[in-house]
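Pasting a predicted model and its sequence here:
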Amino acid sequence: MILELLEYVTTPCSWTARKLGYLNGQIGIKVRHRQCRRAWKTHLEKTRQVIRAAILDCPRRRKAVVLGSGLLLDVPLADLAATFDEVVLVDVVHPISVYLTKLWYRNVRLVRADVTQTAAELAKVAHNPALPLPHAVPQLFCDDPDVDYVVSVNLLSQLPYVPTYYLEKTTRNENEVEAYARDLIDRHLDYLQRLPGVVTLITDIEKLKIDNHGNIVERFDILYGATLPWQTIEWTWEHIPLKHVSSDFAYHRHVCAVQNVKSAATK
Ligand SMILES: C[S@@+](CC[C@H](N)C(=O)[O-])C[C@H]1O[C@@H](n2cnc3c(N)ncnc32)[C@H](O)[C@@H]1O
């Protein structure tokens, strides 16, 4: 608790990211990972494997961009840094551990940015229901001719997570909040197709409630009704094992990966 408080105070972070709750969210992921390290291992390794396979497909290897780099739990940074001239890690908040990791690599750069490009506007208008919620038009790196590889790494389902939690504390109505959340998802999927280079998507699409016999008893759509148009590689992430929040239920995530969204077969 004291360590988390210290991290909250010392992490370099924009006022908007603090206000909306992105920094808290990331510290929460770190704590959950510490508690569920063994259960998360397979998911993290499968994610790294998809990225390693994708970078072999890149005909040119100048700049790689990692969207949602976070704590780098699922990012094979050493492979990326050895393969590309430059690796750009993008996240709305970079934890202090990543600033330290970066010191080992001469070709790794950190960009602190909101990939939806709506957070700053959201922080301004959220409490004034007379003003519309922002519309996402992500552009970051779309015009960068040096980009040969982009990966959106366990980010898509997280895009609405912090904003909707923040909006729940306002007087915004549910339909409006859900439409905003869906827009963030749809616009990110569209953005991935507009980015240069080989583009990989790895994301959880559903939360699964599992009883203590291992049966799925409930499924929760975490993409607000959006579906991935591509054929995907799929696996289950044991996100919250039995006895962590309940002795009766575990919570898993259904994860999908597309090695290259531009050449992937559609469903
Ligand atoms: C589930 S984590 C992804 C796992 C991450 N690669 C790791 O190893 O920690 C989601 C990450 O997305 C970031 N994120 C959430 N919304 C974002 C946004 N709008 N723009 C950029 N990053 C965002 C969070 O800060 C968090 O680090």
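That came in fine, so what should we check first? Numbers count the residues shown, from 1 in each chain.

neighbours around the residue of the chain found nearest the ligand, how many?
Nearest to the ligand in the chain, going by CB to the nearest ligand atom, is residue 70, at a distance of 2.6 Å. Every residue, glycine included, has its C-beta placed from N, CA and C. By the measure other CB atoms under 10 Å, the count of residues near residue 70 is 24.

is it true that it lies in a strand?
No. Counting by DSSP: H, G, I helix; E, B strand; the rest coil, one finds residue 70 to be coil, located in no strand.

Who are the contact partners of it?
Counting by CB atoms under 8 Å, 6 or more residues apart in numbering, residue 70 touches 26, 29, 91, 95, 98, 153, 154.

which strand of this structure spans the most residues?
strand 198-211 (DSSP state E).

Show me what secondary structure element comes after that one.
With elements assigned by DSSP states H and E, the helix or strand that comes after strand 198-211 is strand 216-221.

Partner strands of the helix or strand just after that following strand and their direction?
Next along the chain after strand 216-221, taking DSSP H and E as the criterion, comes strand 233-240. Strand pairing for strand 233-240, using DSSP bridges, gives strand 249-258 (antiparallel).

With distance to the ligand added, can I get the contacts of residue 70 in CSV?
Below are the contacts of residue 70 laid out as CSV (distance: CB to the nearest ligand atom, whole Å):
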residue, distance to the ligand
26, 5
29, 6
91, 4
95, 8
98, 9
153, 5
154, 4
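
out of those residues, who's nearest residue 54?
Residue 54 lies nearest to residue 153 out of these, by CB to CB, at 10.8 Å.

So residue 80, which state does it fall into?
Assigned with three-state DSSP, residue 80 falls in the helix class.

how much space is there between it and residue 55?
According to CB to CB, to the nearest Å, residue 80 stands 7 Å off from residue 55.
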